[in-house]
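Colleague: Sequence plus predicted model, see below.
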Amino acid sequence: NATDKLSTNFFILKNYIRDIQGFPKEGIVFKDITPLLIDANARKECLGILVSAVKDKKIDKVIGVESRGFFFGMLLAQELNVGFVPVRKPNKLPFDTISASYDLEYGTDTLEIHTDAIQKGDRILIHDDVLATGGTAKAVCELVERLGGVIVQCNFLMEITFLNGREKIAGNEIFAAITY
Ligand SMILES: O=P(O)(O)OC[C@H]1O[C@H](OP(=O)(O)OP(=O)(O)O)[C@H](O)[C@@H]1O
Ligand SMILES: Nc1ncnc2[nH]cnc12
């Protein structure tokens, strides 16, 4: 697709994502981003692609979703010079929280956010590494909306298209640097 072409001029992002068959359960092909994290140049190129997708969008805060959403989420916040907000697994955040539950490709879970992390009208960029079934992203969208935030974009390193995750967060702008 067009995004793949954009990134193939100098750098092929897919070369830094490795398939692990049967992790964490039989039948799952796990997309491992650690080869991307370990390579400083690849990481920089990847960040550039993510940043170019949100240029001029007047983001107030970036949300990173525990745990793999923290890596590029924080880099994005730093690059955009805006706040970073962690959305975390249950009982990890120490202050007042709200929570949302969701189904995962391989289980169910709950996510939490601090109640003072978002002010009404804040323009929020939600970042995670993978859009799979969309359960995680939907739960994060719900948390942002309950706190009165405006979702500017749901931003991912990759989208696993056959799982139709984008249907769960339809109505929001969705960007994925690569698709499978
Ligand atoms: O679209 P979905 O089907 O909801 O799946 C995507 C989510 O699954 C993975 O997280 P995981 O829960 O494995 O946690 P981790 O980031 O801590 O490894 C991934 O990092 C996304 O957050
Ligand atoms: N297949 C997959 N690989 C990596 N992370 C995921 N999160 C949900 N599904 C995943």
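Modeller: Received, thanks. Residues are numbered from 1 along each chain as shown. Ligands and ions are numbered 1, 2, ... in the order given.

Colleague: and residue 20, which of the three is it?
Modeller: Going by DSSP: H, G, I helix; E, B strand; the rest coil, the secondary structure assigned to residue 20 is strand.

Colleague: So it sits against residue 34, correct?
Modeller: No. Using Cβ atoms under 8 Å, residue 20 makes no contact with residue 34, being 10.0 Å away. Just so you know, the C-beta spots here come from the backbone N, C-alpha and C atoms, and that holds for glycine as well.

Colleague: Give the residues shared as contacts by the two.
Modeller: The contact sets of residue 20 and residue 34 do not overlap (Cβ atoms under 8 Å, 6 or more residues apart in numbering).

Colleague: Could you list the buried residues of the strand or helix carrying residue 113?
Modeller: Using DSSP states H and E, residue 113 sits within strand 107-114. Residues of strand 107-114 classed as buried by neighbour count (16 or more other Cβ atoms under 10 Å): 109, 111, 112, 113, 114.

Colleague: Give me the residues contacting it.
Modeller: So strand 107-114 is contacted by 63, 65-66, 85-93, 95-102, 136, 139-140, 143-144, 147 (Cβ under 8 Å, 6+ apart).

Colleague: how about stretch 60-68, does it get close to ligand 2?
Modeller: No. Contact of stretch 60-68 with ligand 2 is not found when judged by Cβ under 6 Å from any ligand atom; the minimum separation is 7.2 Å.

Colleague: Mind checking if that stretch is in reach of ligand 1?
Modeller: Yes. Using Cβ under 6 Å from any ligand atom, stretch 60-68 reaches ligand 1 at 65, 66, 67, 68.

Colleague: Mind giving me the PyMOL command for buried ones among these?
Modeller: Buried residues within those, by 16+ other Cβ under 10 Å, are selected in PyMOL with:
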select buried, resi 65+66+68
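
Colleague: Quick test: name the residue nearest the centre of the protein.
Modeller: residue 128 (1.4 Å; Cα atoms, centre = their mean).

Colleague: burial count for residue 115?
Modeller: 14 (other Cβ atoms under 10 Å).

Colleague: quick one: it and residue 98 touch, right?
Modeller: Yes. Look at residue 115 against residue 98 with Cβ under 8 Å: they come within range, at 6.0 Å.

Colleague: tell me, what's touching those two both at once?
Modeller: With contacts taken as Cβ under 8 Å, 6+ apart, residue 115 and residue 98 have residue 147 as neighbours in common.

Colleague: Among the residues of stretch 60-68 next to ligand 1, name the ones in strands.
Modeller: For the residues of stretch 60-68 next to ligand 1, the ones inside strands are residue 65, with DSSP state E as the criterion.
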